[in-house]
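Undergrad: predicted model follows, preceded by the sequence.
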Amino acid sequence: MAAGQPVHGAGETALKLVLWDIDHTLIATRGVGREIFGDAFEQITGTPMREQASVDGMTEPVIFRRTAELHGITSSRHMFEAFARASAELHRRRAQQLRERGHALPGAATALATLARMDGVVQSVVTGNIRAVAEIKLQVFGLDRHITFPLGGYGEDHDDRAELVRTAIARTSEATGAQVAPADVLLIGDTPADVAAGRAVDVPVLAVASGRTPAEQLAVAGATATVRDLQDLTPLRDLLR
């Protein structure tokens, strides 16, 4: 399956949909993402970014709006869309910097390749990033090959992460002809917000403690299973049986 291409004809067989978070689940940008956000923010608002709103588990429109509020700016959807275009362009220009300073997280490439070899498994993303940025980030680290981007849910689709999960399920059902039930979906992320999104849609969640939240806290939040990092593939395989 080529990266970024819809799936056709999958409705005839059992289908499992795996939805990956990106930042701190598959990759770490090591500060480059924050720098780009700040530069795009200043470019669009005319105000240097002194501080950024909390980003963990939040969608890009929410982060932008709350960051604007921290600077006394009332933002609009039009302003966010301009910010999103600027952010995508800056990510394209700084792809080499992102590659040099950031990295794919341990086990990420192997996990994606392992799932790609499993019959009936389709992989996409649910991320607070806008789609253009999501694609760039995964391409930079060679993690895009097994991701079918048109099926995912992205920051520009909705402010709420649970709605992004619903969007991805609906897009997959439409593209494949399969009726994708919540039990046939696996959401993988690193924050309590990822866990909450999955629980809101009755989707199982594999929580990866590769971000700022320890495994114990992710378990308390209600994750179906937790792992320290993606080098431990046993729970991932078990959840897709």
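TA: Here it is on my side, so go on.
Undergrad: from here on, contacts and neighbour counts on C-alpha atoms
TA: Fine.
Undergrad: show me the shaky parts of this structure.
TA: Within the chain, the set of residues satisfying pLDDT under 70 comprises 1-13.
Undergrad: helices of that one, start to end?
TA: Chain-ordered helices for the chain, with DSSP state H as the definition, fall at 32-45, 60-70, 77-93, 95-101, 108-116, 131-140, 161-176, 192-200, 215-221, 234-239.
Undergrad: quickly list the domain ranges of this structure.
TA: Here the domain parsing of the chain from automatic domain parsing is 10-28+103-239, 32-100.
Undergrad: possible to save these as a markdown table with mean neighbour count?
TA: What follows is the domains of the chain, written out as a markdown table (neighbours: other Cα atoms under 10 Å):
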| stretch | mean neighbour count |
| --- | --- |
| domain 10-28+103-239 | 20 |
| domain 32-100 | 17 |
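Undergrad: list the contacts for Ile63?
TA: Applying Cα atoms under 8 Å, 6 or more residues apart in numbering to Ile63 gives the contacts 52-55.
Undergrad: so of those residues, which ones are in strands?
TA: Per DSSP state E, strands hold no members of these.
Undergrad: export only the CA atoms of stretch 186-199, formatted as CSV.
TA: C-alpha atoms of stretch 186-199 as CSV (Å, rounded to 0.1, in the frame of the first residue of the first chain):
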residue,chain,number,x,y,z
LEU,A,186,-6.8,0.9,17.9
LEU,A,187,-5.7,4.4,18.9
ILE,A,188,-2.0,4.8,19.9
GLY,A,189,-0.8,7.9,21.8
ASP,A,190,1.2,9.2,24.7
THR,A,191,-1.1,11.6,26.6
PRO,A,192,-4.2,11.4,28.8
ALA,A,193,-5.9,13.4,26.1
ASP,A,194,-5.3,10.5,23.6
VAL,A,195,-6.7,8.1,26.2
ALA,A,196,-9.8,10.3,26.8
ALA,A,197,-10.4,10.6,23.0
GLY,A,198,-10.4,6.8,22.6
ARG,A,199,-12.6,6.2,25.6
